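**Q** Sequence first, predicted model second:
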Amino acid sequence: MSYALDNELGKFMQSLQIHTDEENDRAVQHLMELTDRFEAGETELEPVIDYITGLISAFEDEHYPIQDVPPKEILRHLMENHEHKQGDLSDVASRTVINEILSGKKQLNLGHIRRLSEKYGVSPELFI
């Protein structure tokens, strides 16, 4: 193992788990510093980065769970952020169909999801 990797493992071994927001904030800051170093060529830091990322994810998943958001609300949010009206989605579906989706009368189908994910550059899983 390299000196850099040994040194980073040693530093982080002092706090193997994240229990508080303050510890999480310190771990995120440390992760950002390590990521900068990794991008600068210290590729041997990858296992440490992966480990810290896992700790942060576990803490945040437990303390800040993402609530399920209905697909129509995600669509509404994307439309607002891109300043799109229903007519701007004619490449996805007709204005009538978009209106029915947004009002909850109709669900997104796989074709809509594929076209929306391409249009907005988001994962199709966002709508499932």
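**A** Great, that's in hand.
**Q** Going by C-alpha atoms from here, please, whenever you check contacts or count neighbours.
**A** OK.
**Q** Arg95 contacts Gln86, correct?
**A** Yes: the criterion here is CA atoms under 8 Å, and Arg95 meets it with Gln86 at 5.5 Å.
**Q** So which bits of stretch 83-92 are buried?
**A** With burial defined by 16 or more other CA atoms under 10 Å, the residues of stretch 83-92 counted as buried are 86, 89, 92.
**Q** Tell me, what's the model's pLDDT at the last one?
**A** With respect to pLDDT, Val92 has a value of 96.
**Q** Wait, it touches Glu118, no?
**A** No: Val92 lies out of contact with Glu118 (CA under 8 Å); the separation is 9.8 Å.
**Q** on that earlier part again, can the buried residues of stretch 83-92 go into JSON lines with extra columns for secondary structure?
**A** Formatted as JSON lines, the buried residues of stretch 83-92 follow (DSSP: H, G, I helix; E, B strand; the rest coil):
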{"residue": "Gln86", "secondary structure": "helix"}
{"residue": "Leu89", "secondary structure": "helix"}
{"residue": "Val92", "secondary structure": "coil"}
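**Q** Now do the buried residues in whichever strand or helix holds Asp36.
**A** Assigned by DSSP states H and E, Asp36 belongs to helix 21-39. Neighbour-count burial for helix 21-39 flags 24, 27-28, 30-31, 34-35 (criterion: 16+ other CA under 10 Å).
**Q** So what touches it?
**A** Under the criterion CA atoms under 8 Å, 6 or more residues apart in numbering, residues 18, 44-46, 49, 52-53, 56, 59 lie in contact with helix 21-39.
**Q** rerun at 7 Å
**A** 18, 45, 49, 52, 56 (CA atoms under 7 Å, 6 or more residues apart in numbering).
**Q** Next, count neighbours for Arg115.
**A** Close neighbours of Arg115, defined as other CA atoms under 10 Å, add up to 16.
**Q** Please report how far the residue nearest to it when sequence neighbours are not counted lies from Glu33.
**A** Using CA to CA, 6 or more residues apart in numbering and skipping residues adjacent in sequence, the residue nearest Arg115 is Val92, 5.6 Å away. To Glu33, Val92 is 42 Å away according to CA to CA, to the nearest Å.
**Q** now Pro47
**A** 14 Å.
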